[in-house]
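Asks: Output the structure for:
(chains A and B)
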Amino acid sequence: MTVQHDSSVYEEIQASDQFQELRRRYRSWAFPMTVAFLAWYLLYVVLSGFARGFMGTKLFGNINVALVFGLLQFVSTFLIAWAYSRHAASKLDPLADELRDKVEEKAK
Amino acid sequence: MKHETLSTILFLVFVAGTLGITFWASRHTKDATDFYAGGRSFSGVQNGLAIGGDYMSAASFLGIAGIIALSGYDGFLYSIGFLVAWLVALLLVAELMRNSGKYTMADVLAFRMSPRPVRTAAGVSTITVSIFYLLAQMVGAGALVGLLLGIKSDSGKMWTIIAVGLLMVIYVVIGGMKGTTWVQIVKAVMLMTGAALVTLLVLGKFGFNVSKLLGDAAAQSGKGDAFLNSGLKYGTEAQGIAGKIDLISLGLALVLGTAGLPHILIRFYTVPTAKDARKSVMWGIGIIGVFYLLTLVLGFGAAAIVGSKKISTANAAGNTAAPQLAEEIGRQIFGDVGGTILLAVIAAVAFATILAVVAGLTLASSSSFAHDLYAHVFKRGNVTDKEEVLVARLSAFVIGAVAIVLGILAQSLNVAFLVALAFAVAASGNLPAILYSLFWKRFNTAGAVSAIYGGLISAVVLVIFSPVVSGSKTAMFPDVDFHWFPLSNPGIVSIPLGFLFGYLGTVLSKEYNAEKYAEIEVRSLTGVGAEKAVQH
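Replies: Sure, this is the predicted structure:
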């Protein structure tokens, strides 16, 4: 079962330097990255609609900019997912685990 | 043997196997956590496969391959939106939701709000989105069986819809989340294997020369280089600027909708910890990404090998492109028997695909009905686990019945737009409410309720008055015209509206609970007090 705590415990934790650091590490990575991949995706969609001449430029054989740009969306998605899991494992998980142990200790 | 017989046998083997798993799962489904969340005991890899099985619908398998086969590049554009969307789920939603919720999307929203209005709104939105999606799949199943098994009569299609509806209800009622998850895992493996096999044969035929494959596809399409660029289906030059804005609108709904789809969100609860939720999304992204790369080859392969003319004759939307390709490539490489076998395999995979997706949708909507509307709104939380699960099972019957009846009624209508509409509603109503709940301190009940209803109603109203419902040859009701909204996809208007309604609702109401925000923020980021896996 879920352990019930007084909310004041949470406010205390929330105000702690350690939690603020965790929050900063999470948000300062996830938020700008979200803006970046959405902008990168929208650039692709907008170019697909409004710059068909450019997108149709052939690079080699029948492979054109549109295809490469689309495949790059796959590559960037895989890379961002991988980078996030690295960031989370090294920068977020240890701090989150430490804080959780602390709260669960207090609740005993 | 004819391929129809073989397809039916293969499909029955799949049904028998998954029913076996479902009965096995029912013996391990003892309490509410088992029923709603599979005991939270699936591993990250298993849940990653199930995410793939839940997400890759027949619309994305047959539909995208078909769009590519007939209109070239535009189908690829669709699949990119479906994939990139998973980054929103990974970075902003999956882990935080796993840490702060229990069974449904509403658990997270109701956490620091007045629970009854918020759960009502979230329940209404969950059921609406799931029914839209479900209906599109059911009608698709009816059409598919006609094409693949040669059943052309309306009564044949009707019985297919009834059979699909009954099977999905059985999976959900008996197996709960455990049974449903295993059906999705089996389907994901079958779909990936089938798609990879045909892809390899296609690439092999072209000596793994992608440029030659594209060249042949473009040449036989009769459209030349335009076939390898966007604009033959979405935002065509003939539609002018409105068509291009429509394309961007569709792109927005696809990329922002996934992280607000209730049947996807509840998958995050099936693993023991937030780290496993992260791992499952990572696996999901890998599987879904590879799958869309395979459909790219299948689509262009179908154009090059089968030919657009033969495909559009069989089905105007191109939905049979992938099965036709399987038959043709099998025949060319292994002779007639090979063609029959490959076609039968792909047809059976397509049915399995539909079943796994509709089961996931039925589970999401019946869970929300029982947990949000019945237990928390109607009974104000005074309800035993046992009663709640009983209500969930009963509501699965009701939702199944509704889906069957609507599916039969809508059989002859063009309802393919309902999938895009489900994404638009999820992006316009659910996503703003979820993101504000997790990240905005000031957010409150009025904000949550206005975001959900505001986003839901804007998206639905704009679609009702759009060219997909009336006023065009391909509309749901082609003979009347009451449209005034120029775009087929409402996202570009309804998504900002959903966020705006959420903002206005919040600032116009004084309510706000700092203690509860501290609690959800600490819990979501650290996993304190997160629901644990069940140990039996």
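Asks: Next, the contact list for residue B:166, please.
Replies: B:400, B:404 (Cβ atoms under 8 Å, 6 or more residues apart in numbering or on different chains). Quick note: C-beta positions are derived from backbone N, CA and C, even for glycine.
Asks: Check which helix or strand it maps to.
Replies: Element membership for residue B:166 (DSSP states H and E) is helix B:154-205.
Asks: Report the distance from that helix to the chain centre.
Replies: Helix B:154-205 has its C-alpha centroid displaced from the chain centroid by 13 Å (Cα atoms, centre = their mean, to the nearest Å).
Asks: Quick check: pLDDT value at the residue of the stretch 351-500 of chain B found nearest chain A.
Replies: Using Cβ to the nearest Cβ, the single residue of the stretch 351-500 of chain B nearest to chain A is residue B:439, 8.0 Å away. On pLDDT, residue B:439 comes in at 95.
Asks: Give me the neighbour count for it.
Replies: 15 (other Cβ atoms under 10 Å in any protein chain shown).
Asks: One more: residue B:20?
Replies: By other Cβ under 10 Å, 11 other residues sit near residue B:20.
Asks: show me the contacts for it.
Replies: Per Cβ under 8 Å, 6+ apart, neighbours of residue B:20: none.
Asks: Count the neighbours of residue B:140 for me.
Replies: 28.
Asks: cool, and residue A:100?
Replies: Neighbours of residue A:100 under the rule other Cβ under 10 Å: 20.
Asks: same question, the one 3 residues further on
Replies: Burial of residue A:103, expressed as a neighbour count using other Cβ under 10 Å, amounts to 21.
Asks: still on that earlier bit, moving C-terminal of the helix holding residue B:166, what's the next helix or strand?
Replies: helix B:210-221.
Asks: and the angle from that following helix to helix B:154-205?
Replies: Counting by axes from the mean of the first three to the mean of the last three Cα atoms, to 10 degrees, helix B:210-221 lies at 140 degrees to helix B:154-205.
Asks: do you know how far residue A:76 is from chain B?
Replies: 8 Å (Cβ to the nearest Cβ, to the nearest Å).
Asks: What helices and strands are in contact with the helix or strand where that residue lies?
Replies: Assigned by DSSP H and E, residue A:76 belongs to helix A:65-87. If contacts are counted by 3 or more Cβ pairs under 8 Å, 6 or more residues apart in numbering or on different chains; DSSP states H and E, helix A:65-87 sits against helix A:17-50, helix A:52-55, helix B:74-88, helix B:274-305.
Asks: Show me the contact partners of it.
Replies: Outside helix A:65-87, the residues within contact range by Cβ under 8 Å, 6+ apart are A:29-30, A:33, A:37, A:40-41, A:44, A:47-48, A:54-57, A:59, B:73, B:76-77, B:80, B:83-84, B:86-87, B:90-91, B:214, B:228-230, B:278-279, B:281-282, B:285-286, B:289, B:292-293.
Asks: Ok, stretch B:244-253 next?
Replies: Against stretch B:244-253 from outside (Cβ under 8 Å, 6+ apart): A:41-42, A:45-46, A:48-50, B:77-78, B:81, B:230, B:234-235, B:239, B:420, B:423-424, B:427-428, B:486-493, B:495.
Asks: Which ChimeraX command selects the buried ones in those residues?
Replies: To isolate the buried members of those in ChimeraX, using 16 or more other Cβ atoms under 10 Å in any protein chain shown:
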select /A:41,45,48,49 /B:77,78,81,230,234,235,239,420,423,424,427,428,487,488,489,490,491,492,493,495
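Asks: Next, the angle helix B:274-305 makes with the helix or strand harbouring residue B:328.
Replies: Element membership of residue B:328 [criterion: DSSP H and E] is helix B:321-368. Helix B:321-368 runs at 150 degrees relative to helix B:274-305, counting by the same axes, to 10 degrees.
Asks: Centre of the chain to helix B:321-368, how far?
Replies: Worked out by Cα atoms, centre = their mean, helix B:321-368 lies 17 Å from the chain centre.
Asks: now do stretch B:320-335
Replies: 27 Å.
Asks: Buried residues, it. List them.
Replies: B:320-331.
Asks: which residue is nearest the middle of the chain?
Replies: Just so you know, I chose chain A. The residue lying closest to the centre of chain A (Cα atoms, centre = their mean) is residue A:30, at 3.7 Å.
Asks: hmm, I had chain B in mind actually
Replies: By Cα atoms, centre = their mean, chain B has its centre lying nearest to residue B:55, at 4.7 Å.
Asks: give me every residue that touches that residue.
Replies: Residue B:55 touches B:82, B:258, B:264, B:284, B:288, B:357, counting by Cβ under 8 Å, 6+ apart.
Asks: Isn't residue B:114 up against residue B:447?
Replies: No: with contact defined as Cβ atoms under 8 Å, residue B:114 does not reach residue B:447; the gap is 11.4 Å.
Asks: Those two: who's more crowded?
Replies: residue B:447 (28 against 15).
Asks: What is the three-state secondary structure of the more buried one?
Replies: helix (DSSP: H, G, I helix; E, B strand; the rest coil).
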